[in-house]
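>>> Predicted model and sequence follow; I will ask about them next.
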Amino acid sequence: MNPVSAALLIWYKNNKRNLPWREISDPYRIWISEVILQQTRVNQGVVYYKSFVEQWPDVNQLASASEQEVLKMWQGLGYYSRARNMLVAAQEIVNKYNGVFPRSAGELKKLRGIGDYTAAAISSIAFDEPVAVIDGNVFRVLSRLFNEETPIDSSAAKTTFRMMADSVLDKHNPGEFNQAIMEFGALHCVPKKPDCQTCPLQGSCLAFALKKVDQLPVKKNRIKIRKRFLHYFIFLQKEQQQCYTLLRYRGSGDVWQGLYDFPCIESDRILSIAELDHEQLFTAIKAVATEIIPIPDIRKHILTHQHLTAKFYVVKCKKGFEHLKNNSLSLVSQTELGKYPLPRLIDQFLQENENLFDNC
C-alpha cells in the first residue's frame, strides 16, 4: 500500500461521517445515494435518501413508479434530469438485467444517467472492483497532491487525473479508499483555507511544498449566466365548493422538464401591467378575469447557469376560464395541487402564501 492511500484510510477511519449508506454493499442504495448527492449538500441528501429508500426499497419497486411520482419525491433537489434518468435506469436494470445490478463499471455505464464517477463508486463500493472515482473533491485533492495545473474542465483532464487517481488507489480495498478520498476532499482538503498544518498528506503534497494550495485546482471556463424574468399568473375559480387553478406542464428543452408551474409570460425584465397589456397571454387572461392582483414581492431563484426573477399575480376568474386549458395547461383543484411535482421556486411561494386559496 502506498503512503498516500495508507494515510487516507487511517484519516477516514477516524473522521468519516456516520451516513446511512455507509457500511453497506447494496448497489441499489449506493446508487441512490450517489445520484442524490450530485449537486446536493449531504445534510439535505440524507433526508431525500431516506424518503426514497422507504418509498422504493429496491430497484424493482422504483422501476414500477411513474415519472410524476419520482419527480414529486425529488421536488426541491433541482437538476431533475437526475431523477428522470434514475427511473429509466431502474427500468433498464429490471428489463435487461432481470433486476440484478451489473457488477462492473463498464457495464454500469450502459445504464441511463450513469457516468464514469457513479459507475466507479457503485462497482468499487458494492463489488470491490479496483476502479478509482473522480469527483469535484477528488479533483481538488489530486491537483494539490501532484501540483497538477491541467484545468479540471478541459478535455485533457479526464486522462491526466485518471492516471493520478489510479496511482494512489488501494486496489485491495478500492471501495473504502474511494470513500476516503472523497470524504477527505469534502471535510479537510476544502476549496478555501484548508487546514494544511494538520493534513496527513502534508509530506506528500507538492502544492503545499510550493505554497500553491490556494491556486489549485485550475479551471479555464467561467459559467455564462443567463438572466430570465418570469411573470406567473395564478388562476383562482370556485366551482362546487372547490377552488381550481391552471398548472402548466413543462416539456423538454428547458429547465424543470417534467414539472409543473403556472402560466407564465417571460421577458427581458420585469414588466409593468401596462407593458404586460401588449402580451397575447395577458389579453386572454383579462378576458376571463374579474380581478388581477399583483403580489408585492419579487422573487429570485439561482440555478447553476440561470438566474431567475419572478413576479406573481393572482387572477380571480369568472366562469369559463377553463377554456384556456390545452395540451400544456391543466385544470387542477386545490386539493389535487399537492400531487404535482413543482419547481422549488413555485413550491416555496405556495408554502409562504398558504392562505392564497382562501379568497377563491
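Nice, thanks for sending it over.

>>> going forward, measure contacts between C-alpha atoms and count neighbours the same way
OK.

>>> Name the single longest helix found in this protein.
Taking DSSP state H as the assignment, the helix of the chain that covers the most residues is helix 81-97.

>>> Break down the stretch 251-360 of the chain into its helices, ranges please.
273-276, 280-288, 344-352 (DSSP state H, counting those that start in this stretch).

>>> for the stretch 101-250 of the chain, same thing?
Ranges of helices in the stretch 101-250 of the chain, per DSSP H, counting those that start in this stretch, are 105-108, 116-127, 136-145, 157-168, 174-187, 206-209.

>>> So which elements touch the fourth one?
With contacts taken as 3 or more Cα pairs under 8 Å, 6 or more residues apart in numbering; DSSP states H and E, helix 157-168 sits against helix 136-145.

>>> Okay, angle between the helix it packs on and helix 157-168 too, please.
Note on geometry: by axes from the mean of the first three to the mean of the last three Cα atoms, to 10 degrees, helix 136-145 and helix 157-168 are set 80 degrees apart in direction.

>>> Can you pull out the residues in contact with stretch 7-26?
Taking contacts as Cα atoms under 8 Å, 6 or more residues apart in numbering, the residues outside stretch 7-26 that touch it are 29-30, 33, 46, 125-127, 176-177, 180-181, 183-184, 200-201.

>>> which of the residues in stretch 338-350 are buried?
Of the residues in stretch 338-350, 340-347 count as buried by neighbour count, 16 or more other Cα atoms under 10 Å.

>>> Just flag the most distant two among those.
Considering Cα to Cα, no two members of the buried residues of stretch 338-350 lie farther apart than Tyr340 and Leu345, which are separated by 14.0 Å.

>>> tell me the domain boundaries of the protein?
For the chain, whose domains are defined here by automatic domain parsing, the residue ranges read 3-215, 226-359.

>>> Please identify the most buried of the ones you listed.
Using mean count of other Cα atoms under 10 Å, the stretch among the domains of the chain with the largest mean neighbour count is domain 3-215, at a mean of 18.

>>> Give me the distance between the two termini of it.
From its first residue to its last, domain 3-215 covers 24 Å (Cα to Cα, to the nearest Å).

>>> Go through the helices of the stretch 251-360 of the chain and name the closest to Asn147.
Using Cα to Cα, the nearest of the helices of the stretch 251-360 of the chain to Asn147 is helix 344-352, at 39.7 Å.

>>> Give the full set of residues in contact with Val4.
For Val4, the contacting residues are 168, 201, 204, taking Cα under 8 Å, 6+ apart as the criterion.

>>> Just to check, Ala132 is in contact with Ala180?
No. Applying Cα atoms under 8 Å as the test, Ala132 and Ala180 come out as separate, 11.4 Å apart.

>>> how near is Gln38 to Ala274?
Using Cα to Cα, we find Gln38 at a distance of 43 Å from Ala274.

>>> before we move on, the earlier item: starting at the chain centroid, how far to the longest helix of the chain?
Relative to the mean C-alpha coordinate of its chain, helix 81-97 is positioned 17 Å out (Cα atoms, centre = their mean, to the nearest Å).

>>> any low-confidence regions in this structure?
Within the chain, the set of residues satisfying pLDDT under 70 comprises 320.

>>> CA atoms only for stretch 315-335, dumped as PDB, please.
Provided in PDB are the C-alpha atoms of stretch 315-335 (Å, rounded to 0.1, in the frame of the first residue of the first chain):
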ATOM      1  CA  VAL A 315     -56.100  36.100 -11.300                       C
ATOM      2  CA  LYS A 316     -59.600  35.800  -9.900                       C
ATOM      3  CA  CYS A 317     -61.800  34.400 -12.700                       C
ATOM      4  CA  LYS A 318     -65.300  34.300 -13.800                       C
ATOM      5  CA  LYS A 319     -66.900  31.100 -15.200                       C
ATOM      6  CA  GLY A 320     -65.500  29.900 -18.400                       C
ATOM      7  CA  PHE A 321     -61.800  30.300 -17.700                       C
ATOM      8  CA  GLU A 322     -61.300  26.600 -18.100                       C
ATOM      9  CA  HIS A 323     -61.400  27.000 -21.800                       C
ATOM     10  CA  LEU A 324     -57.800  28.300 -21.500                       C
ATOM     11  CA  LYS A 325     -56.600  24.800 -20.800                       C
ATOM     12  CA  ASN A 326     -54.800  23.000 -23.600                       C
ATOM     13  CA  ASN A 327     -52.000  20.400 -24.100                       C
ATOM     14  CA  SER A 328     -49.700  22.200 -21.700                       C
ATOM     15  CA  LEU A 329     -52.300  23.800 -19.300                       C
ATOM     16  CA  SER A 330     -54.300  21.500 -16.900                       C
ATOM     17  CA  LEU A 331     -57.200  22.400 -14.700                       C
ATOM     18  CA  VAL A 332     -56.300  21.400 -11.100                       C
ATOM     19  CA  SER A 333     -58.200  21.600  -7.900                       C
ATOM     20  CA  GLN A 334     -56.600  22.900  -4.700                       C
ATOM     21  CA  THR A 335     -56.900  19.500  -3.100                       C
END
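
>>> Contacts for that stretch next, please.
By Cα under 8 Å, 6+ apart, stretch 315-335 touches 233-237, 242-250, 263, 285, 288-293, 357, 360.

>>> Also stretch 130-139?
Outside stretch 130-139, the residues that touch it by Cα under 8 Å, 6+ apart are 105, 116-118, 120-121, 123-124, 152, 161-162, 165-166, 169-175, 178, 181-186, 190, 217.
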